[in-house]
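**Student:** output the structure for:
(one chain, ligands or ions: 1)
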Amino acid sequence: MGRRQTLQESLPSLWRILRHLRPYLRPQRWLLAGSLLALLAEVGLRALEPWPLKFVFDHLLRGPHSSSPLPLVGALEPLTLLTLAALAVVVFTSLRALAAYLNTIGFALLGSRVLAEVRNKLYHHLQCLSLSFHNQARSGDLLVRVTSDTAQLQEIAVTALLPLLGNIFILVGMLGLMFSLHWRLALLTLVVLPLFWVTTTRSSKRIHEAARRQRQREGALAATAAESIGAIKIVQALSLQGTFARTFSSHNSKSLKEGVKTRRLAANLERTTDVIIAIATALVLWYGTWLALREELTPGDLLVFLSYLKSAFKPMQDLAKYTGRLAKAAAAGERVMALLEREPEVRNWPGAISAYAFRGAVSFQDVSFAYEPGRWVLKEVSFEVHPGQYIALVGPSGHGKSTLASLILRLYDPTTGSVMIDGRDIRHYTLDCLRSQISVLLQDGLLFAASVRDNIAYGAPAASLEEIVAAARLANAHQFIAALPEGYDTVIGERGVTLSHGQRQRLAIARAAIRQAPILILDEPTTGLDGENERAVVEALDRLTQGRTTFLITHTLLHAAKADLILYLEDGRVRESGTHHELMRANGRYAALYRLQASACEYGRRAAASQGGGASCYYPPMPA
Ligand code: ATP
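**Tutor:** Next comes the predicted model:
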C-alpha cells in the first residue's frame with residue numbers, strides 16, 4: 001500500500017471506499033434519494049433566506065423610489081412588506097431547519113446501515129481468508145479492523161463525509177447564484193482559492209501521514225494486548241507482564257503522540273482557512289460597497305451576496321475542519337478495504353460440486369507443497385487409501401505430517417500435484433461440501449465460550465439433544481458432563497479453560513462424532529493425557545473411527561501399529577509405507593523407532609513394577 005502524500009491524493013482513496021460501498025447503497029436508494037432531496041431543499045432555502053432582508057433594505061430603508069425586479073414587491077404597502085418579510089424569515093428558517101434535520105437523520109441512518117453491512121461482510125470475509133493469510137496476520141490487528149476501523153469509518157462517514165458531499169451542492173449552488181448576481185464580484189471571491197488549495201495541500205499531507213501512523217499504532221496496540229491476554233497463563237508463569245506492559249505502553253504513547261499531532265495540524269489548518277475566508281470577505285465588502293456607492297449594486301444585493309459568500313465558504317471551512325477526521329477515515333477505510341480486496345487463496349472453483357456424499361477413498365498424486373516459495377515441506381507424496389481404512393502418519397517432528405492432513409481439508413492447496421477424494425481432485429468439490437464431510441480432532445480440543453451442548457452441536461448445528469447425548473456417550477464424556485453443575489447447559493470458559501485437558505479432548509471427540517463424517521483426521525489426540533484419560537480417549541476414538549477413513553497423526557507408534565497403512569514421513573517425503581508387520585520386517589526407520597519406544601516403555605514398566613505401580617503402556621513384541 002503506497003503512502004498517500006496529500007489530501008488531493010487521498011481523495012481517490014475516499015472514492016475507492018465509496019466505490020466499495022456502492023453495492024450496499026443500492027438497497028438504501030430511497031433513503032439516499034430522500035436525504036439528497038432534503039439536502040437540496042436545505043440548499044434552496046438557504047439561498048432564499050437573505051432575500052426578505054434584501055427587500056427590507058432596498059424597499060423600506062432606502063425608500064420607495066428604488067426599483068425592484070419584482071413589480072409585485074414594489075406595489076406592496078411598506079407595513080405589509082415588512083410583515084411579510086418578517087414572516088418569510090421565520091418560514092424560510094424553519095423549513096431550512098426541518099430540511100437540515102431530515103437530511104442529517106437520513107444520512108446518519110444511511111451511514112449506519114451501510115457500514116453495519118460492511119462490518120458483517122468484513123467479518124465473514126475474514127473467516128473465509130486462507131490460513132496462509134491468517135498465519136501472517138496479527139489477530140489483534142484484525143480485530144481492530146473489524147471493530148474500531150469500521151466504527152471510525154461509520155462515525156466519520158456520518159459526521160463528516162456525507163455532510164461534506166452535501167456541502168458540494170451548497171458550494172456549486174451558491175457560486176452559481178453569486179455569478180448570476182454580479183459576476184465580477186463573484187470572480188473576486190475566487191481569487192483566494194489558490195491560497196486555500198496550497199494551504200490545504202501542505203497541511204493535509206502531514207495530517208494524513210500522522211493519521212495513518214496512528215491507525216497502525218492502534219492495530220499494534222490491540223495485537224499486543226490480544227496476544228498477551230490470549231496467552232495469559234504462560235505470560236504469568238514466565239512473569240512476562242512487565243515486558244508486555246512496556247511494549248503496550250510504548251505503542252500507546254506513540255499512538256497518543258500521533259493523535260495529538262493530527263489534532264494540532266487540523267486545528268492549525270482550520271484557523272488558516274478562517275483567515276483566508278476573512279480576506280475574501282474583506283475584498284468583497286470593499287469592492288461591493290464601492291459598487292453600491294456607485295449605484296451599480298443595491299445595498300440589499302450586497303447583503304445577499306455577502307450571505308451567499310458565507311454559505312459558499314462553509315464547505316471550505318468544513319473541509320478544513322474535517323481534514324483531520326477525513327484523514328482518519330481514509331486511513332481506517334484503507335485498512336478495511338485492503339482486507340475486503342484480499343482474495344482468499346483457497347476458494348471454490350467455478351462449477352465445483354456442492355452436494356456429493358463421500359465414500360472416503362483418498363489419494364495423493366505427486367503432491368508437493370511449500371508454505372514459502374522454494375521451502376518444500378512436502379515432496380512428491382503419493383499414496384492411496386480405500387474407504388474405511390485407518391492410516392497412521394508417523395515420523396520425526398516438523399517433517400510435514402500436519403501439513404499433509406491440512407491439504408486434505410484444503411486449508412492450503414498443493415503447490416503441485418493433486419489430492420483426490422473418490423477419484424476426483426478435491427478442488428472440484430465446494431469447500432462446504434468437502435469440509436462438512438471431514439471431522440478433525442486436534443491435539444488440544446479447542447472449545448468455544450458456550451454451553452457444553454452448543455460446543456458439541458458445532459459439529460452438526462441441526463443435532464437434537466438425543467444425538468448430542470449419544471455423541472457424548474460415544475466419546476466417554478457423558479458421565480463427567482452429567483456431573484457438571486448444569487449438565488449439558490453448563491457454560492464453559494473461553495477456549496474451554498474451565499475443563500481439564502482430557503475432558504476437553506472428549507468433548508472434542510463428541511463434536512467430531514456428531515458430524516457423522518466419512519473422513520476423520522486425528523492430529524495427536526492423546527498427547528499430554530495421563531493413563532486414565534488416555535485410555536478413555538483411545539476407547540472413544542476406537543468407536544469413533546469405526547467404518548471411517550481415518551488419518552491419525554501420532555508420535556506414539558503403539559497407536560500407529562494397528563493402522564491398515566502406516567506412512568513414515570521424513571523431510572517431506574514418504575520414506576516408508578506399509579502395515580506395522582511389513583515395516584517391522586523391513587527393519588528400517590520405523591522399526592528402529594518402534595524398538596526404541598518399546599524399550600523405553602519396558603524400562604518404565606519395570607521401574608513402576610518395582611515400586612508396586614501398574615503398567616502405563618504395553619508394546620506388543622515384534623514379529624519374528
Ligand atoms: P509435529 O510432529 O511437530 O506436529 P509435523 O510433522 O506435523 O510436526 P508440520 O507441522 O507439518 O510438521 O510442519 C512441517 C514444516 O512446515 C515445519 O518445518 C514447520 O516449521 C513448517 N510450517 C508449518 N506450518 C507453517 C506455516 N504456517 N508457515 C510456514 N511454515 C510452516
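
**Student:** CA atoms for contacts and neighbours, from now on please.
**Tutor:** Noted.

**Student:** residue ranges for the strands of the stretch 501-624 of the chain, please.
**Tutor:** 519-523, 549-553, 565-570, 573-578 (DSSP state E, counting those that start in this stretch).

**Student:** scratch that, the stretch 251-400 of the chain is what I was asking about
**Tutor:** Under DSSP E, counting those that start in this stretch, the stretch 251-400 of the chain gives strands at 362-372, 375-385, 390-394.

**Student:** strand partners (parallel or antiparallel) of the second one?
**Tutor:** Strands flanking strand 375-385 in the sheet, each with its direction: strand 362-372 (antiparallel) (DSSP bridges).

**Student:** in the strand it pairs with, what counts as buried?
**Tutor:** Val362, Ser363, Phe364, Gln365, Asp366, Val367, Ser368, Phe369, Ala370 (16 or more other C-alpha atoms under 10 Å).

**Student:** what sits up against it?
**Tutor:** The contact list for strand 362-372, computed with C-alpha atoms under 8 Å, 6 or more residues apart in numbering, reads 132, 376-387, 413-423.

**Student:** of these, which ones also sit close to the ligand?
**Tutor:** For the ligand, the contacts drawn from these by C-alpha under 6 Å from any ligand atom are Val377.

**Student:** buried ones among the contacts of strand 362-372?
**Tutor:** Here, 16+ other C-alpha under 10 Å leaves 376-382, 385-387, 413-414, 417-422 buried among these.

**Student:** wait, what's in contact with the closest residue to Val336 other than its chain neighbours?
**Tutor:** Leaving out its chain neighbours, the residue that sits closest to Val336 by C-alpha to C-alpha, 6 or more residues apart in numbering is Arg145, at 6.0 Å. Residues near Arg145 by C-alpha under 8 Å, 6+ apart: Gly219, Ala332, Arg335, Val336.

**Student:** ok, Arg145 to Glu524 distance?
**Tutor:** To Glu524, Arg145 is 34 Å away according to C-alpha to C-alpha, to the nearest Å.

**Student:** same question, Arg427
**Tutor:** 27 Å.

**Student:** number of residues surrounding Lys310?
**Tutor:** Lys310 has 17 neighbours, counted by other C-alpha atoms under 10 Å.

**Student:** now it: how far from Ala280?
**Tutor:** 10 Å.

**Student:** ditto for Leu126
**Tutor:** 50 Å.

**Student:** near the ligand, which residues of the protein show up?
**Tutor:** Counting by C-alpha under 6 Å from any ligand atom, the chain sits next to the ligand at Asn135, Tyr371, Val377, Ser397, Gly398, His399, Gly400, Lys401, Ser402, Thr403.

**Student:** for the residue in the stretch 101-250 of the chain that the ligand sits nearest to, what are its contacts?
**Tutor:** Of all residues in the stretch 101-250 of the chain, Asn135 sits closest to the ligand, at 5.5 Å by C-alpha to the nearest ligand atom. For Asn135, the contact set (C-alpha under 8 Å, 6+ apart) is empty.

**Student:** hang on, the earlier thing: out of the residues of the chain next to the ligand, flag the one nearest to Gln154.
**Tutor:** Asn135 (28.7 Å; C-alpha to C-alpha).

**Student:** for that closest one, pull up the helix or strand it's in.
**Tutor:** helix 131-136 (DSSP states H and E).
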